[in-house]
Every structure is written in C-alpha cells, then in structure tokens.
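Student: What follows is a protein structure lacking sequence information:
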C-alpha cells in the first residue's frame, strides 16, 4: 500500500511548499492534497513528485528509510491521518443517516 502522507513530510524536509511541488510538476496544489488525502495517483505523477523531492519512487511503497526523518514519527503521523479520515467519514455517515429521518 502506498504512503503518500510522506509527501508532506518530504516537502517540509526539503523546505518546499505543497504549492511549489505542485507547480514544479504542472499540477494544482489541490491535486497534491487529494493524493495525500486519498492515497492514490498515477505512476507518472508519483514519479514526478519523487523526482522533485529527490527520493526514489519506492520510498512511497517500500518503507525505505529517509535520512532526517525517524520512521516512528512517520508511522505516528500516518496513524493520526488515518484516524482523522475515519472520524470524518463516520461524521459524514452520521449526517447522512440523520438527514434520512
């Protein structure tokens, strides 16, 4: 499974914004945010992102260690983001169910 949450961490490490990353690969920053949030993109886009961030593409798939970032920090951030997504989806589902009454 791909871990595109690393994109934010790598941008911080490389001291570039998501907007700048998006600009460098010819995308809107909302597209990059969607990739991070949804965890999906195409091969061409992730290759372009990896090139700009100067990391191998495999870093998003193989848990390759990244110098300067502790793996347990990434795991914690990934877990928090996953939990936030779950909460958002549950809140949305509650609203849908309440609106059907």
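Tutor: Sure thing, it's come through. Everything quoted here is computed from the prediction, not taken from an experiment.
Student: got the contact list for residue 53?
Tutor: The contact partners of residue 53, by CB atoms under 8 Å, 6 or more residues apart in numbering, come to 7, 10, 11, 14, 21. Any C-beta I mention is one placed from the backbone N, CA and C, and that applies to glycine too.
Student: Do I have it right that the last one meets residue 32?
Tutor: Put plainly, it is residue 21. Yes: between residue 21 and residue 32 there is a contact at 5.9 Å, judged by CB atoms under 8 Å.
Student: hang on, the earlier thing: from the contacts of residue 53, which is closest to residue 43?
Tutor: Among the contacts of residue 53, residue 7 lies closest to residue 43 (CB to CB), at 15.2 Å.
Student: Give the rounded mean pLDDT of the lengthiest helix in the chain.
Tutor: Longest helix in the chain, counting residues (DSSP state H): helix 71-99. Mean per-residue pLDDT for helix 71-99: 78.
Student: For it, enumerate the helices and strands it packs against.
Tutor: Applying 3 or more CB pairs under 8 Å, 6 or more residues apart in numbering; DSSP states H and E, one finds that helix 71-99 contacts helix 6-14.
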